[in-house]
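Asks: generate coordinates for the sequence data below:
(one chain, ligands or ions: 1)
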Amino acid sequence: MKRHSVKSIYPCTLLAAFALCLLIAGIRGCAISREQQHAPVTSPDIAVFSDGEVLVMSLNEYLIGVVGGEMPASFPLEALKAQAVAARTYAVRRMACYGGKGCGKDGADICTDSSCCQAYTAPEELRANWGDNARRYMDKLTEAVYSTEGEVILYNDSPIEALYHSSAGGRTEDAQNVFSSALPYLVGVESPGEEGSKYHGEKQYTPREFAAAVNKKWPKAKLDRKKLSSQVEILSRYDSGQVETLRLNKITVSGKEMRKLLNLNSANFTIDISDTVLIRTVGYGHGVGLSQYGARAMALGGADYREILTHYYTGVEIDKMDQPPCSMAAQ
Ligand SMILES: [Zn+2]
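Replies: As a prediction, this is how the structure comes out:
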C-alpha cells in the first residue's frame, strides 16, 4: 500500500483548504447576491391628489391602491400583474420625476379620479371592503406590484400611454376613434371571454325623456317624441362594434357623444324604439388598450402578464425603467 509522505499530504491539505475557501466564498457570494435581489427595493415618490389634498407616497404603495381600486382582487394573479404594469406605466408618464407634466391638480403627479387619471383606494378601505379575504387579497396585490417592480410597457424605448378599461365588448378600439389621436400601440385587437360584471348594460327612457335630453344638448336635432323611429338611426360602426355616427333627425353625432350625454356604459350600443327607447350596451368603458376582463380570461387560459400586455398593446416591450433622476424613498 502506498503511504503518503508528509511532503505529499501538505500540498493536498493546502489545496483542500483553498477549495473550502472558494466554496465558502461562493456560498457567501450567492447569499449576498440573493440578499441584494431581495433587499428592500427603492421606489420613487409620487404626489397624488386625493380629496382636495396632495399625498406623497412611494410609487409601489400607490400602485397597490390603484390595482385594488381598478381591478377585483379576486382576478388571477397574472391579470393583476398586467394591471400593475399598465398602472405603473400610466403613472410614470405623468410623474415629474420622469419628466411628466402631472395631471394639473395642485401640482400633483396624478389624481385619484378615474375619469381623469386612475382610481386609487387606500389600503385600509380595501381591507374593509374585502372583509375575511383582506389578508389574502392584500398579499396578492403586493405580489402583483413587487414581482413586477420597475417594469413598464415601452414602445420605441418610451413608456406608452397605457390606457385600459373594464371590457371592450369582444374587440378593443383604435385610440383615434375615441381620443382623436392615433397611437401605433393602441389599435383594436380581439378580446374574447370578457363576459362578466357590467358586460351587458341597459337603459330605458320614455320617448319624451329621450327627445328632451337630446334636444337640450343639441337643439338643432329637433327630435319629435312621436317620430323617433324614423328620426333616430345608427349610421356607421367601427370594427370594434362601437357606434361611429348616428342620425338624430336633422343632425349627426358620434357614438362617443351619445355615450357621454346618456352616461352609457360604452359606445357599443343599439337603440330600440317602441313605446319606450331601449338602449343596450356591450362592454364597459372606452374600449382602448388593455381590457381588464379580457386580461382575466387570458390569465385563466394560462397566459402570463407579459403575454396579456403584448396582446393588448401592439408592438410593445416590457422592461425595467431607468432609475429616476429625482429623490428616491426607501421602502
Ligand atoms: Zn388626474
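Asks: what residues sit buried inside stretch 186-203?
Replies: Residues of stretch 186-203 classed as buried by neighbour count (16 or more other C-beta atoms under 10 Å): Leu186, Val187, Gly188, Val189, Ser191, Gly193, Glu194, Gly196, Tyr199, Gly201, Lys203. For every residue, glycine as well, the C-beta is placed using N, CA and C.
Asks: out of these, which sit inside strands?
Replies: Gly201, Lys203 (DSSP state E).
Asks: which one of the buried residues of stretch 186-203 sits closest to the ion?
Replies: Leu186 (19.1 Å; C-beta to the ion).
Asks: check contacts around that closest one.
Replies: Ile160, Glu161, Leu163, Asp174, Ala175, Val288, Gly289, Tyr313, Thr314 (C-beta atoms under 8 Å, 6 or more residues apart in numbering).
Asks: quick revisit: looking at the buried residues of stretch 186-203, which are in helices?
Replies: With helices taken from DSSP state H, there is no overlap with the buried residues of stretch 186-203.
Asks: which of the buried residues of stretch 186-203 sit farthest apart?
Replies: Val187 and Lys203 (29.3 Å; C-beta to C-beta).
Asks: how many residues are close by Met76?
Replies: Quick fix: residue 76 reads Pro, not Met. 20 (other C-beta atoms under 10 Å).
Asks: can you check the pLDDT for the residue nearest to it when sequence neighbours are not counted?
Replies: Sequence neighbours aside, Ala299 is the residue nearest to Pro76 in space, at 3.8 Å (criterion: C-beta to C-beta, 6 or more residues apart in numbering). pLDDT recorded at Ala299 is 98.
Asks: which stretch of helix or strand covers Ala299?
Replies: Using DSSP states H and E, Ala299 maps to helix 292-300.
Asks: now the following helix or strand past that helix against helix 292-300, angle please.
Replies: As assigned by DSSP H and E, the chain's next helix or strand after helix 292-300 is helix 305-312. Counting by axes from the mean of the first three to the mean of the last three C-alpha atoms, to 10 degrees, helix 305-312 lies at 130 degrees to helix 292-300.
Asks: what lines up beside the helix or strand following helix 305-312 in the sheet?
Replies: Heading C-terminal from helix 305-312, the first helix or strand you meet, by DSSP H and E, is strand 317-320. According to DSSP bridges, strand 317-320 forms sheet pairs with strand 151-155 (antiparallel).
Asks: the strand it pairs with: which residues count as buried?
Replies: Glu151, Val152, Ile153, Leu154, Tyr155.
Asks: now render the buried residues of stretch 186-203 as JSON lines, adding distance to the ion and pLDDT.
Replies: Formatted as JSON lines, these follow (distance: C-beta to the ion, whole Å; pLDDT from 0 to 100):
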{"residue": "Leu186", "distance to the ion": "19", "pLDDT": "98"}
{"residue": "Val187", "distance to the ion": "25", "pLDDT": "98"}
{"residue": "Gly188", "distance to the ion": "26", "pLDDT": "97"}
{"residue": "Val189", "distance to the ion": "27", "pLDDT": "98"}
{"residue": "Ser191", "distance to the ion": "26", "pLDDT": "97"}
{"residue": "Gly193", "distance to the ion": "31", "pLDDT": "96"}
{"residue": "Glu194", "distance to the ion": "26", "pLDDT": "96"}
{"residue": "Gly196", "distance to the ion": "27", "pLDDT": "85"}
{"residue": "Tyr199", "distance to the ion": "27", "pLDDT": "95"}
{"residue": "Gly201", "distance to the ion": "25", "pLDDT": "96"}
{"residue": "Lys203", "distance to the ion": "27", "pLDDT": "98"}
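Asks: picking that back up, from the chain's centre, how far out does the helix holding Ala299 sit?
Replies: How far helix 292-300 lies from its chain's middle: 12 Å, per C-alpha atoms, centre = their mean, to the nearest Å.
Asks: that one packs against which elements?
Replies: helix 77-92, helix 305-312 (3 or more C-beta pairs under 8 Å, 6 or more residues apart in numbering; DSSP states H and E).
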